[in-house]
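> from the sequence below, what's the structure:
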Amino acid sequence: MTRGWIAGVLVCLLGSYGLAAAESEPAGEAVVIEVDGAIGPATSAYVAEAIEEAETRGARLLVLRMDTPGGLDTSMRSIVKAINASTVPVVGYVAPSGARAASAGTYILYACHVSAMAPGTNLGAATPVELGGLPGGAAPEETKPAETSEEGEDKPVKTGDAKKNKLINDAVAYIRSLAQLRGRNAEWAEKAVREAASLPAEEAVQLGVVDLLARDMDDLLSQLDGRVVKIAGGEVTLRTSGLIRVELAPDWHSRLLSIISNPNIAYILMLVGIYGLIYEFSNPGAIVPGTVGAVSLVLALYAFQLLPINYAGVALMLLGLALMVGEAFAPSFGALGIGGVVAFVVGSLILIDTEAPGFGLSIPLILTFAVSSAVLLVFVVGMAIESRRRPVVSGAEELLQATGHAVAAFHGDGSVRLHGEIWSARSEVPVAAGQAVKVTGRDGLVLLVTPTTNQKET
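Numbering: from 1, shown residues only. As a prediction, this is how the structure comes out:
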């Protein structure tokens, strides 16, 4: 009896100690980041840094709260690689209601260890465009009427060009591999690429395209608790009850990258750089325009190496600027200027080599800069060039060819009145008092003069 009583006391003590230890164990963290807007180099850097930070903090999971129309193919693939290599479970969550994971967002959602959507959201439209990027709503590949194969299946016959077929087939293989890796619907994934198909959240869950339908973050974490996922380090069981949510904002590097990698900002930086250098070359020694221009041009070149740039567009823009400068140097009754504006506008339109949403140049911005460039280069630069051709109106050089009058008659050394001042003068021929003289040179502070036909000062 005594032994039983002692055993019961020990069990109670051990249970109390275990409960106290469990209560004293610090709650884990769930790192949450926002993937909002077009996916580009800044988004890729932000996600990679967030995954690294989550691993450093020992977070239980990382949630990508997504609302994106798509973006660049290279940035999307960088994000997928970072997710696949992550040792922290990554949850893709399309939220809030009304958000979407279109195009490149669909690939990222397929790559996440767990995918979830809020009611009223959608995904899909993952057809690649011909020149790069992954737009939302690009036209699907053109097909002929279906033909029946030997197995009795209807298969569409491709009619697109080889380059487009390569892009589509590569995208299909890529998204199917992600679907197979995460155990999701690979057939619909292929349909999203070939036919630009889209799905609302409820149907996506029913078809096995995504894993969960969650109203909000609390509902999402509740449904994730106890779920087993396979990450780079092996299988883990998610323990999401009582997790502390940590919102991770982009650092200064990601914010700066987001600003300068915006095609419109990069475009403005390039033009500011060109204008600054043109002004510096036309007015040597101004310093500030040249410095601002050089810094802007370097930032623009850095942004362009992150973006899919069509160098034919760059060449046309530079040709347009050169033609507009040529109009200032050699007026051609508008031929060079108009040609320059046309080349500038066409080059600007084809500058960004993708139709990805969020990565096109604003048409009003292009037209504004085209008109302002024409005004600046044709008129302002033209006026600067014209001013360089005018005679000097101040300083010692202005005295040459100036006209004065003799104070008194002299032959050799004497004095002349010039601009209200009395100057020492020297003449090789006799000069009468009051006679007009023209300055032909200067010897220190002595003016070399010669008389003109006017005999008296007026």
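
> does L72 touch S78 like I think?
No - judged on CB atoms under 8 Å, L72 makes no contact with S78 at a distance of 9.3 Å. Bear in mind the C-beta positions are built from the backbone N, C-alpha and C, glycine included.

> pick out whichever of those two has more residues nearby.
Using other CB atoms under 10 Å as the criterion, L72 and S78 rank with L72 on top: 27 against 18.

> can you give me the distance of that one to L445?
The span separating L72 from L445 equals 70 Å under the rule CB to CB, to the nearest Å.

> what's the answer for N264, then?
For N264, the distance to L445 under the criterion CB to CB works out to 60 Å.

> of the two, who's got more company?
A count of neighbours by other CB under 10 Å puts N264 above the other of N264 and L445, at 14 against 7.

> list phi and psi for the more buried one.
Dihedral pair for N264: phi -70, psi -40, per degrees, to the nearest 10.

> repeat for A173
Dihedral pair for A173: phi -60, psi -40, per degrees, to the nearest 10.

> that one: how many residues sit nearby?
By other CB under 10 Å, 11 other residues sit near A173.

> show the contacting residues for the residue nearest the centre of the chain.
The centre of the chain sits closest to S261, judged by CA atoms, centre = their mean, with a distance of 1.7 Å. Applying CB atoms under 8 Å, 6 or more residues apart in numbering, we find S261 in contact with G40, P41, A42, A303, L306, L307.

> what's the answer for A232, then?
By CB under 8 Å, 6+ apart, the contact list for A232 reads N84, A85, S86, T87.

> what's the answer for I39, then?
Taking CB under 8 Å, 6+ apart as the test, what I39 contacts is T68, G70, G71, L72, S75, M76, I79, A104, G105, I108.

> that one pairs with what?
For I39, the beta-bridge partners are G71 (DSSP bridges).

> in ChimeraX, select just the buried ones from the contacts of A232.
Taking 16 or more other CB atoms under 10 Å as the burial criterion, the selection of buried members of the contacts of A232 in ChimeraX is written as:
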select :86
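
> just the ones in helices from the contacts of A232, please.
Among those, the ones falling in helices (DSSP state H) are N84, A85.

> pretty sure Y275 contacts V292?
No - Y275 is beyond contact range of V292, at 9.2 Å (criterion: CB under 8 Å).

> comparing the two, which residue is more hemmed in?
Remark: of Y275 and V292, Y275 carries more neighbours, 22 against 17, as counted by other CB under 10 Å.

> pLDDT weak spots in the stretch 151-300 of the chain?
Counting by pLDDT under 70, the stretch 151-300 of the chain contains low-confidence ranges at 151-161, 282.

> which residues in it form strands?
Assigned by DSSP state E, counting those that start in this stretch, the strands in the stretch 151-300 of the chain fall at 154-158, 198-200, 212-213, 228-231, 234-237, 244-247.

> tell me the helices and strands packed up against the second one.
Just to be clear, that refers to strand 198-200. Using 3 or more CB pairs under 8 Å, 6 or more residues apart in numbering; DSSP states H and E as the contact criterion, the elements in contact with strand 198-200 are strand 122-124.

> how about the shortest one?
Using 3+ CB pairs under 8 Å, 6+ apart as the contact criterion, the neighbours of strand 212-213 among helices and strands are strand 114-117, helix 201-206, helix 217-224.

> in the longest strand along the chain, what counts as buried?
For the chain, the strand with the greatest residue count under DSSP state E is strand 421-431. Within strand 421-431, the residues that qualify as buried by neighbour count (16+ other CB under 10 Å) are W423, A425, R426, S427, V431.

> of these, just say which sits nearest to I168.
I168 has its nearest neighbour among the buried residues of strand 421-431 in W423, at 85.5 Å by CB to CB.

> wait, what's in contact with the closest one?
Taking CB under 8 Å, 6+ apart as the definition of contact, the neighbours of W423 are G404, S415, V416, R417, L445, V446, L447.

> for V429, see how far away the last one is.
Between L447 and V429 the distance is 15 Å, computed by CB to CB.

> one more: the fourth one?
Relative to V429, R417 is positioned 19 Å away (criterion: CB to CB).

> what's stretch 237-249 in contact with?
When contacts are taken as CB under 8 Å, 6+ apart, the neighbours of stretch 237-249 outside the stretch itself are 27-33, 50, 53-54, 57, 59-61, 89, 114, 217, 221-222, 224-229.

> and the furthest pair within the contacts of A232?
Largest pairwise distance in the contacts of A232, by CB to CB, is 10.9 Å, between N84 and T87.

> coming back round to it: neighbouring strands - and their directions - for the longest strand of the chain?
The partner list of strand 421-431 in its sheet, established with DSSP bridges, is strand 410-418 (antiparallel), strand 446-451 (parallel).

> including mean pLDDT, mean neighbour count and distance to E280, could those go into TSV?
Formatted as TSV, these follow (pLDDT from 0 to 100; neighbours: other CB atoms under 10 Å; distance: least, CB to CB, whole Å):
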stretch	mean pLDDT	mean neighbour count	distance to E280
strand 410-418	89	16	37
strand 446-451	88	18	37
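
> could those go into TSV alongside distance to A125?
Output for these, formatted as TSV (distance: least, CB to CB, whole Å):
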stretch	distance to A125
strand 410-418	81
strand 446-451	83
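
> so for A118, which of those strands sits nearest?
Of all those, the one in closest proximity to A118, counting by CB to CB, is strand 410-418 (86.7 Å).

> might one say that L61 is in contact with Y93?
No - at 10.7 Å, L61 does not count as touching Y93 under the criterion of CB under 8 Å.

> and S296, how far from V172?
Using CB to CB, one gets 42 Å for the distance from S296 to V172.

> list phi and psi for A101.
According to degrees, to the nearest 10, the main-chain angles of A101 amount to phi -130, psi 70.

> quick check: chain neighbours aside, which residue is closest to it?
Counting by CB to CB, 6 or more residues apart in numbering, L123 is the residue found nearest to A101 once chain neighbours are left out, at 4.3 Å.

> give me the buried positions along stretch 76-94.
If you call a residue buried by 16+ other CB under 10 Å, then stretch 76-94 has these buried ones: 76-80, 82-83, 86, 88-94.
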